[in-house]
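Participant: After the sequence you'll find the predicted model.
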Amino acid sequence: MILKLKSKYEIVTLYFHVQLDWVENDIAKALEDSDLALILTDHNEYKDLIKYVPNNMKQAIIFDTKNIVNQDDSVTYYNFNNVFDI
């Protein structure tokens, strides 16, 4: 993980369909004390991501590149529709 080695930022990878020791598969744990959630896949599990945000994130910012997350006024939400289609 080059980003972890060369960065002052902590990066957590959340993916439900992979079982690796460096991949988190619990949304609440992945968002814990985070500043940004970057959504790169359109799996259904991310639709209700908002319900985990208020209690887990330091800054509630979601950058959704797949137009999958249900929006809510309690977060700063950046939606670029589906970047794949661009």
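Facilitator: Arrived safely.
Participant: got the end-to-end distance for stretch 36-44?
Facilitator: End-to-end distance for stretch 36-44: 19 Å, by CA to CA, to the nearest Å.
Participant: Now do the buried residues in that stretch.
Facilitator: Buried residues in stretch 36-44, counted by 16 or more other CB atoms under 10 Å: A37, I39. (C-beta placed from N, C-alpha, C; glycine too.)
Participant: got it, and stretch 48-59?
Facilitator: L49, I50, Y52, V53, N56, M57.
Participant: what comes into contact with stretch 15-28?
Facilitator: Stretch 15-28 has contacts (CB atoms under 8 Å, 6 or more residues apart in numbering) with M1, V12, T13, L14, A30, T41, H43, E45, L49, Y52, N55, N56.
Participant: Are we agreed that the fifth one is in a helix?
Facilitator: Yes. The assignment for A30 by DSSP: H, G, I helix; E, B strand; the rest coil puts it in a helix.
Participant: OK, contacts around the nearest residue to it once chain neighbours are set aside?
Facilitator: The spatially closest residue to A30, leaving aside those adjacent along the chain, is L14, at 3.9 Å (CB to CB, 6 or more residues apart in numbering). By CB under 8 Å, 6+ apart, the contact set of L14 is V23, E24, N25, D26, I27, A30.
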